[in-house]
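In: With the sequence up front, the predicted model follows.
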Amino acid sequence: MRRGPSAFNVAAVVAGLAFLYAPIVILVIYSFNASRLVTVWGGFSTRWYTALFQDAQMLDAVWVTLRVGVLSATLATLLGTLAAVALVRGGFRGRTALAGGIYATLVMPEVILGLSLLLLFVAVGLPRGFWTVTLSHATLTLAYATVVVQARLATFDRHLEEAAQDLGCPPWKAFVLVTLPGIAPAVAAAWMLAFTLSLDDLVIASFTSGPGATTLPMRLYSQVRLGVDPKINAVSTLLIGLVATGVIAAYLVQQRGRRRAVQER
Amino acid sequence: MRRGRSGLAAILPVLWLALFFAFPFMLVAKLSLSDTALAMPPYAPRIDWSQGLAGVRAFLAGLDGETYGRLTQDRLYLDAYLSSLRIAGTGTVLLLLIGYPIAYGISRFSPAVRQALVMAVILPFWTSFLIRIYAWIAILKPAGVLNAGLAALGLPPVDILNTETAVLLGLVYAYLPFMVLPLYAVLEKQDQSLIEAAQDLGATPLSAFWRVTFPLSIPGAAAGALLCFIPMAGEFVIPDLLGGSETLMLGKVIWTEFFANRDWPAASAVAIVLLATLIAPILLFERQQAKVLRS
Amino acid sequence: MNGRAPTSRPQIGGIRETFAPWDDPAARPLVRFDGVSKGFGETRAVAGVDLAIYEREFFALLGPSGCGKTTLMRMLAGFETPDAGRIWLADRDIAADPPHRRPVHMMFQAYALFPHLSVAQNIAFGLKRQGLPKAEIAARVEEMLALVKLEGLGRRRPDQLSGGQRQRVALARAIAPRPRILLLDEPMAALDKKLREETQFELMTLQQTLGMTFMIVTHDQDEAMVVADRIAVMREGRIVQVGRPAEVYEAPADRYVAGFIGDVTLFPGRITAREGPLVRLQSDDGAFDAEGAGDVGDQVWLAVRPEKIAVHTDPPADPRNRIAGRILDYGYLGDWTTYLVEIAPGRTIRAARANATRTVERPLGCDDSVWLTFAPSSAVVLSA
């Protein structure tokens, strides 16, 4: 029997979570502040949200970012799922090289990745813009997608695939009919993670982007450099709200599925 | 075991990584041996393919270590190098000290609560990194939330924005989940009966922790430390936004050389130096992950 | 080749004595392993196995874990490729066929039910691969559900079933496409003792009513004895003995088989004389007579099962095969009582006595002096 948490354990967890959430909470509160000054509470207002939706440049950046995010996350998830299958199931010779590439991407400082990708695009003469950012983000997030899918695949019962083959499925079909449905939540999570990372990236986008493909983090960064702009609070709150809704919805769907399973039993 | 053809799945990812990850590093290495030029792209020499082999030979003859020579002459680079390592190192130690009690605390709760707490640790990671760092500017600036709070308590204000302290705070904040999760993963798996056995054999709870729990959690601590240290050493956004002009880090230097000075060879040379420094921890991290994968 | 007795009650398991195609030189085996070997790295999992399994047979591969029985089965299913040798299924070499092209289906140890599919969809899985029309699949699924007594549960998910129900779904899924041979990998390992015994009989009945060929892999000798027509005992990648349960038990090929199946006491010794079917054996524990093969001078082992040793409180008149001893310990098992008898310092023998009446006329206890006897026909002479 595991002993319950001590007062010290509880305090450590509470303090840690408070540290992680305090800045986010402050940001959300001040996005509704009528005053331009962070420390002065000028009453509740949605004026920054109104201002935000009149900022064509900002909205443009959001649109670019979303398109880059969806495309690069989809690419990364496809490649990452393949890589995960190869890493978990494969007995091929390049396994170490593949694993090495994946884990190196995971920890590589972004400035190095960004610089090297830029040099690639210059060397092959690809004009910098929407597509170069998308390809670069797919490269960055491919590693994360691989790790997420690989973790699930490693615990996936190998016998299920064998059973499908035993009952007449060629290996690829056994994968599609049995393994893929089993790892689908992980594949979805990998896509979400890749999408979020792409939305979030400043450094690699700055290196590999060109005119007309300014992403939201690039726009935010140039604004932050100019000083605190409450519109940033507003856009941040919207982003946080979006992510929180997504995560909570995913959680509820999962819970309902579980509850139904329990009821039918 | 009949392996099937799972290896085929590797073809696309391997090609992708070769083209977008491995090959670009060679370009960085090549560029670090070039010189700056008033051209677009702003470096020389470039291979003149129209002259065939002679062009390649001329190109190779144009490569030199001059850029690296420049790096050693300017004190700025050495300072940035050393402070990168110092700040990343200090940050890693702080993360271990702060992350361990949190990870250990979470592992003591019942499974249902544990799951919710892990979710709570991951959740901020899903919100924009840039925005979270930006929030710290609002908190730390002289007329910010922190000083307003201190004033309300009758305490003197502090001015830590644009200092190394603020950079460390930002690093710890941004990388905390990367430290807590690997630590939690090993602590959660630990067999509780080991602690009970230690106590049964006469160990106090504290000595049971130091002699059983802690040694068994070292792989998790090592994974967390590497996962944080390597990217922190090349971090750009946090020192740029929270640190002042005196906080030098290599990530910032690469950025400045590239965007402000348009000195691509220097940016590449600094990147190569940083990469050379990080190659050992990266290999260590890979070896450890491979071990985890096998178990 | 039809071994079924003309009674309505199926003749099953070890009692199906009229069924013996392996004794018929004209019979063609359904499955034939021909010098099959398989290694993993340094270890030889299967070493030169020859084996023939006949149509409608219930065949058991028995051995301890790591003896190669699972590898042998997985080679028949197609999940492992033999390093050497051939595997014939109905006169076709299938060693190179991938698993999905073999009319051989397997019931996996942990069942491997597809968690995202309903019970009915699980059962239909193999039928769909055969491209049967929808209506036929639905009919076959209903038939299978009825066969394994799971009517009305077709729409459940596997995680909404009990362990015994899951086991039956796995069975139904594997037999639904009508394989030439059904492989069962430790099919009852996850069931408790009572359910296991019921399931054993259900399996035997099913195998008879369907007229199918079953091959079971198990480490449980009782299970193999109950269900199988023939048992192959495996050890370190080799087959040590193949035979009916009674043959394997009463006439083990060597000391390993004797010890692996049931309890046995071994008397090592040398043959000193032969009189017709009887040999006289001189051992450290005395001289014994036994029926068996062997020449004078051979080093042999006499194997005696505990239940074939009688326990007496008074010295029996016949001095042959008689050993004096002292009860060291005994265990009351309800139906049986087993005695541990010390016949020399540090040398003990196990004897078992059926508790045929409710009260033992003269209860035996620790430290009682007893006499043990066994009939010459009850002992087996082993040369290895």
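Out: That came through, no problem.

In: Go through the strand or helix carrying A:Ser198 and flag the buried ones.
Out: Per DSSP states H and E: A:Ser198 is located in helix A:180-200. Neighbour counts over helix A:180-200 (16 or more other Cβ atoms under 10 Å in any protein chain shown) mark A:182-183, A:186-187, A:189-200 as buried. Where you see a C-beta, it was placed from the backbone N, CA and C, and this is true even at glycine.

In: mind checking how far C:Ala375 is from C:Gly269?
Out: 18 Å (Cβ to Cβ, to the nearest Å).

In: Looking at these two, which one has more neighbours?
Out: It is C:Gly269, of C:Ala375 and C:Gly269, that has more neighbours when counted by other Cβ atoms under 10 Å in any protein chain shown, with 21 against 15.

In: residue contacts, that one?
Out: C:281-284, C:288, C:299-302 (Cβ atoms under 8 Å, 6 or more residues apart in numbering or on different chains).

In: Quick check: the farthest pair among the residues you listed?
Out: Spatial extent of those (Cβ to Cβ) is set by the pair C:Phe288 and C:Gln299 at 14.7 Å.

In: more neighbours, those two?
Out: Neighbour totals were compared for C:Phe288 and C:Gln299, and C:Phe288 leads with 22 against 11 (other Cβ under 10 Å).

In: State the three-state secondary structure for the more buried one.
Out: strand (DSSP: H, G, I helix; E, B strand; the rest coil).

In: Tell me which helix or strand the residue nearest the centre of chain C sits in.
Out: Compute the mean C-alpha point of chain C, and by Cα atoms, centre = their mean the closest residue is C:Ala224, 2.4 Å away. Using DSSP H and E, C:Ala224 sits in helix C:221-227.

In: after that helix, next one along is what?
Out: Once helix C:221-227 ends, the next helix or strand along the chain (criterion: DSSP H and E) is strand C:230-235.

In: where's the residue in the stretch 151-265 of chain A that chain B sits nearest to, which helix or strand?
Out: Going by Cβ to the nearest Cβ, chain B is nearest to A:Ser236 of the stretch 151-265 of chain A, at 4.1 Å. A:Ser236 is located in helix A:230-264, with elements delineated by DSSP H and E.

In: can you give me the mean pLDDT across that helix?
Out: Taken as a whole, helix A:230-264 has an average pLDDT of 71.

In: Same check on stretch B:210-228?
Out: Mean pLDDT, stretch B:210-228: 91.

In: What residues of that stretch count as buried?
Out: If you call a residue buried by 16+ other Cβ under 10 Å, then stretch B:210-228 has these buried ones: B:212-213, B:217, B:219-228.

In: Just give me the closest of those residues to A:Leu126.
Out: Compare each of the buried residues of stretch B:210-228 with A:Leu126 using Cβ to Cβ and the shortest gap goes to B:Leu227, at 31.9 Å.

In: Verify the stated contact: the closest one with B:Phe285.
Out: Yes. In this structure, B:Leu227 is within contact of B:Phe285 by Cβ atoms under 8 Å, at 7.0 Å.

In: and for these two, which residues touch both?
Out: A:Val107.

In: Read off the pLDDT value for A:Arg2.
Out: So A:Arg2 comes in at 51 (pLDDT).

In: what residues does the stretch 151-265 of chain A put near chain B?
Out: Contact residues, the stretch 151-265 of chain A versus chain B (Cβ under 8 Å from any Cβ of the partner chain): A:154, A:171, A:192, A:196, A:199-200, A:202-203, A:206-207, A:217, A:220-221, A:224, A:228, A:232, A:236, A:239-240, A:243-244, A:247, A:251.
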